[in-house]
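# compute the structure for the input listed below.
(chains A and B)
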Protein chains: 2
Amino acid sequence: MARAVVLLSGGLDSATTLAIARDRGFECYALSCSYGQRHVAELEAARKVARVLGAMEHREIEIPLGQFGGSALTDDSLLVPEDGGSGIPITYVPARNTVLLSLALAWAEVLAADAIFIGVNAVDYSGYPDCRPEFIAAFQAVIALATKRTVEGAPIHLEAPLIELSKAEIIQRGNALSVDYSMTVSCYQADDRGYACGRCDACRIRAAGFIAAGINDATHYRDRPL
Amino acid sequence: MARAVVLLSGGLDSATTLAIARDRGFECYALSCSYGQRHVAELEAARKVARVLGAMEHREIEIPLGQFGGSALTDDSLLVPEDGGSGIPITYVPARNTVLLSLALAWAEVLAADAIFIGVNAVDYSGYPDCRPEFIAAFQAVIALATKRTVEGAPIHLEAPLIELSKAEIIQRGNALSVDYSMTVSCYQADDRGYACGRCDACRIRAAGFIAAGINDATHYRDRPL
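Numbering: from 1, shown residues only, chains lettered A, B, ... in the order given. Below you'll find the predicted structure:
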C-alpha cells in the first residue's frame, strides 16, 4: 500500500485532504505542527480527526516559529483582525507552508512515502503567498532535488487536492466522503473546548462556505457568526 | 546596513560563511538549529563563533527531526561510519537543508533581511543531495514565491558562497579573514569539550583540507587523525 504524509492542522481543509488521501488508497501518516499558535484546540481536533479518518499514525512536532514573531497567530502583542480587510493579513505566519512542507518531506523520506498531501486552497489564499499553485510547483521542484530518494528513485509527489476548489466545493467534497466537520477547528481564536469565535477571517470564510455549499454548519460557536 | 540570516552549525564551513557575510558588509543574524544531534558540542561552538565573528544576534531553535529517525546523526541505534565508504552516507539527515533553509526564511522575512547564507559546499556534498547547486537554485525559486516580501518587493537572496570551493579553498578563504578554526567543531561524534574523534568522515575531510591548504590544523583532537 502506497504511503502518504498528510499535513493535518485540525481545520476543515486538512481534514478533507486526509479523507481524500484515504479515499485514493493511501496509507496515511498525519503530521501536525505546533508553531506557537495561541490556541491548542486545533491540535486536539487534529488528534480526533486523525483517529476518526483512519490515519495509520499521527505525529505532533513543536516548531518554535513564534520566537521569530511577526504574526498575530504566534505573537501575543498583535491582535487577530475581525474586520476582513485587504492585503496580506497579519495572521500570515512567515514561511509557514515552506516550514511545514520541509518537515513533511523529512518524515516522508524516512517512511519511503510516495506522496505528501497539503490542504492549501484558493480561498485560504486570500493573500497568503505560500498557498498559490506556483508555490506548490516550486516546492515540488525542491523535493525532486532535495532527498536521497530522488537520487536513487522517483521523487515524492506533492499533492494539493484542494488548490483549485472554493470553500463550498471543499465542504461538498468532504461531505461526500462523510467527514464530520464538527470535530474540526478553523477559528484563529478558538477556546480550549474548540468553540469558534464566529468573527475572525477563518470563521467568516468557513461559515460562508457552509452556506454556499448548502450544507448544515455543525461548527461549535461561542457566538453564531455575524 | 543590509541584514542577512546566516545558518551557523558551529562547524568550519558555516563559520567561514559567517566571516564572508560580515566581510561583505552584512549585519548578520546567526541561526543554529538543533535537530536531535548526538552531540551538543557543535552548538557550544556556534555560540562562540557567533560572538567572536560579530553576529548581531544568535538564535537557537530546537527541531525534533530525530523523532523521524533514519540518520546516524539523530538515531542512536545507527553507528557513525569511520571507513569512508561510497554512496549517500548514513550520516545524511533527511531533508536537513530544506528544513534549515525554511526556518532561516521564516526569520529572514520577519527581520526584513536581504539575504540568507548557507555554507554548503562541493566537498561536503559527497553524496548529500541537498548540497548540490541545483538544489540551492530550486530553493531560491521557492523563496521567490513563498513569502509576503516577494509579493511586495524584491525576493530574499539565497547565498551559498562556498558551493564551488574545495575544503582547502574554504580554509584558505577563512584564514584570510582571520577565522580561528580551533573554535569550530566538525566531528560527527565530538565529546562534550568539543574534541574531535579524528576518524569519522567529517574529521577525515576536514583534516585533509588543512593539509591541502598548507595551514596548521588547530582542531582539538582526542586522537590525531589516522
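
# which helix or which strand is home to A:L31?
strand A:27-34 (DSSP states H and E).

# got the contact list for that strand?
Strand A:27-34 has contacts (C-beta atoms under 8 Å, 6 or more residues apart in numbering or on different chains) with A:1-10, A:18, A:21-22, A:40, A:43, A:46-47, A:49-50, A:53-63, A:99-100, A:103-104, A:107, A:111, A:113, A:117. Using the backbone N, CA and C atoms, a C-beta is placed for each residue, glycine as well.

# of these, select the buried ones using a PyMOL command.
Restricted to buried positions by 16 or more other C-beta atoms under 10 Å in any protein chain shown, the PyMOL selection for the contacts of strand A:27-34 reads:
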select buried, chain A and resi 3+4+5+6+7+8+9+10+18+21+22+43+46+47+49+50+53+55+58+59+60+61+63+99+100+103+104+107+111+113+117
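
# restrict the contacts of strand A:27-34 to contacts with chain B.
Restricting the contacts of strand A:27-34 to those touching chain B (C-beta under 8 Å from any C-beta of the partner chain) yields A:R59, A:I61, A:E62, A:I63, A:V99, A:L103, A:W107.

# so which elements touch whatever helix or strand the last one lives in?
Here A:W107 is covered by helix A:96-111, with elements defined by DSSP H and E. Here helix A:96-111 is seen to pack against strand A:3-7, strand A:27-34, strand A:115-117, helix A:133-146, helix B:96-111, helix B:133-146 when contacts are counted using 3 or more C-beta pairs under 8 Å, 6 or more residues apart in numbering or on different chains; DSSP states H and E.

# 7 Å - rerun?
Counting contacts by 3 or more C-beta pairs under 7 Å, 6 or more residues apart in numbering or on different chains; DSSP states H and E, helix A:96-111 packs against strand A:3-7, strand A:27-34, strand A:115-117, helix A:133-146, helix B:96-111.

# so how far is whichever helix or strand comes after the first one off the chain centroid?
To tie it back to what came earlier, the one meant is strand A:3-7. Proceeding N to C from strand A:3-7, the next assigned helix or strand is helix A:12-23, under DSSP H and E. Distance, stretch centre to chain centre, for helix A:12-23: 10 Å (C-alpha atoms, centre = their mean, to the nearest Å).

# what mean pLDDT does helix A:12-23 have?
In this model, helix A:12-23 has an average pLDDT of 97.

# can you point out the buried residues in that helix?
Buried, per 16+ other C-beta under 10 Å, within helix A:12-23: A:L12, A:D13, A:S14, A:A15, A:T16, A:T17, A:L18, A:A19, A:I20, A:A21, A:R22.

# ok, the fourth one - contacts?
Going back to what we said before, that points to A:A15. A:V49, A:L53, A:G174, A:V179, A:T184 (C-beta atoms under 7 Å, 6 or more residues apart in numbering or on different chains).

# how about 8 Å then?
By C-beta under 8 Å, 6+ apart, the contact list for A:A15 reads A:L8, A:V49, A:L53, A:G174, A:V179, A:Y181, A:M183, A:T184.

# how about low-confidence regions in chain A?
For chain A, residues meeting the criterion pLDDT under 70 lie at A:36-39, A:70-92, A:122-127, A:149-153, A:224-226.

# gap between A:S14 and A:I118?
8 Å (C-beta to C-beta, to the nearest Å).

# wait, A:G69 touches B:E109, no?
No - applying C-beta atoms under 8 Å as the test, A:G69 and B:E109 come out as separate, 10.5 Å apart.
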